[in-house]
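Colleague: From the sequence below, what's the structure:
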Amino acid sequence: MKIGVLNSGGDCPGLNAVINGVVGAADKLGWEVYGFIDGFEGLLPEGGDYLKLTPDDTIGIGKLGGTILGTTNKGHFAAKVGVGDVAKIPEEIMSKARENMKLLGVEALVVIGGDGSLTTALQMNQEGFNVVGVPKTIDNDLQATAMSFGFDSAVTTVVDGLDRLQTTGQSHKRVMVLEVMGRHAGWIALWGGIGGGAHVILLPEIEFDLENVAEHIKRREEAGQRSTLVVVAEGARVGGGELITKGDGASEVTLGGVGEVVAHHLEAMTGKDTRSCVLGHLQRGGSPTAIDRILGARFGVKAVKMIESGEYGRMVSYQAYHVDSVPIEEAVHQLRLVNPTGEMVDTARALGICMGDR
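Modeller: Next up, the predicted model:
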């Protein structure tokens, strides 16, 4: 049997670990693996654009960041164009991909991607392609899986950033604002903020008032704590207002800039010297953590086993330390957001972290 594997959407640590898992498990079954270049786009050139992958080709790649196959979040297969907005993939594009896969003899496809990529995978499955999905997002916002690989690596980067900002903030007695990724979910900010000792965490899921944050900073000042670490998720809305974005909004919005806005307001409210820092794509780059290497490999192996048993139209899922599968449809129906009254937020509050709502 011949199977294909591709990455689609943004990159993240752990992609190569998944590829390694797919290739290793397929080789044990005597199958051939075609790695398509630059996501779904690799299905379109005549004869396909791919690498034949064997275990010899994937030695040592689990520790590497990025992806040996390349990826893209643009092109002919963009099914997600905004939150809740779905575009149908044109039939001529589907036909060309189907023709090339048939020509190569590729009978099934492993799609490693986030919400948008899995929306495309779902459409392909509905059009008769044999597809299995592997959840990939540093944002950890996919429904139907408790964790996706890449998340732990992103959180670790946030923690490292906060550790560094803490020392410079203390030296100058400043308020340090760190803007982190996550789009419309606050998982990275929440986990990274708790792990990195933040004093304030601002999330998209909890409406906050910067007056409350300013008062918290002033109380810390009165108690002799001259420096404050603030973590803000890129999708947080200041004063319950509009998302702060970059670009013209012609496609799915690019979030960014909220950290600078928060820093500006807090400096005016507190009189404290305030600086902002944006981690940005540092959270996507670099070597994956041990957790993401292992989780990625497990996901890749599970995807091959799903193909072996004919479980198409399903996505690998991680729940309660066990790797299983769920229908892709369950994963893309809605985002998995932070529960404002959940255990993680309760933990943050118990640690004295201000969430800006009180």
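
Colleague: For the stretch 1-150 of the chain, which segments are assigned as strands?
Modeller: With strands called from DSSP state E, counting those that start in this stretch, the stretch 1-150 of the chain shows them at 2-7, 32-36, 50-53, 80-82, 85-86, 106-113, 131-135.

Colleague: show me what contacts the residue nearest to Glu308 when sequence neighbours are not counted?
Modeller: For Glu308, ignoring the flanking residues on the chain, the nearest one in space by Cβ to Cβ, 6 or more residues apart in numbering is Leu29 at 6.6 Å. Quick note: C-beta positions are derived from backbone N, CA and C, even for glycine. Residues near Leu29 by Cβ atoms under 8 Å, 6 or more residues apart in numbering: 1, 304, 308.

Colleague: picking that back up, check the strands of the stretch 1-150 of the chain for me: which has the lowest mean pLDDT.
Modeller: For those, mean pLDDT drops lowest on strand 80-82, to a mean of 51.

Colleague: Who is Val200 paired with across the strands?
Modeller: Val230, Cys354 (DSSP bridges).

Colleague: hang on, it packs against His216?
Modeller: Yes: assessed by Cβ atoms under 8 Å, Val200 is found in contact with His216 at 6.4 Å.

Colleague: Compare those two (neighbour count), which wins?
Modeller: Between Val200 and His216, counted using other Cβ atoms under 10 Å, the more crowded position is Val200 (26 against 21).

Colleague: and the more buried one, what does it touch?
Modeller: Counting by Cβ under 8 Å, 6+ apart, Val200 has contacts 213, 216-217, 228-231, 353-356.

Colleague: where's it relative to Gly285, distance?
Modeller: 26 Å (Cβ to Cβ, to the nearest Å).

Colleague: again, but for Trp191
Modeller: The separation that Trp191 has from Gly285, given Cβ to Cβ, amounts to 18 Å.

Colleague: So for the two, which residue has more residues nearby?
Modeller: Per other Cβ under 10 Å, whichever of Trp191 and Gly285 has more neighbours is Trp191, with 24 against 15.

Colleague: Quick check: closest non-adjacent residue to that one.
Modeller: Counting by Cβ to Cβ, 6+ apart, Trp191 lies nearest to Val155, which is 4.6 Å off, once chain neighbours are set aside.

Colleague: Please verify my assumption that Met306 contacts Val323.
Modeller: No: counting by Cβ under 8 Å, Met306 stays clear of Val323, with 10.4 Å between them.

Colleague: hang on, Val159 packs against Gly196?
Modeller: Yes: here Val159 reaches Gly196: they are 4.1 Å apart, a contact under Cβ under 8 Å.

Colleague: quick one: which of the two has more around it?
Modeller: Using other Cβ under 10 Å as the criterion, Val159 and Gly196 rank with Gly196 on top: 23 against 18.

Colleague: Now do the same for the more buried one: its pLDDT.
Modeller: On pLDDT, Gly196 comes in at 98.

Colleague: that older thread, ok, and the most crowded of the contacts of Leu29?
Modeller: For the contacts of Leu29, neighbours tallied by other Cβ under 10 Å; top is Val304, 25 neighbours.

Colleague: Show me which residues of stretch 111-123 are buried.
Modeller: 111-123 (16 or more other Cβ atoms under 10 Å).

Colleague: what's the closest of those to Asn339?
Modeller: Asp115 (18.8 Å; Cβ to Cβ).
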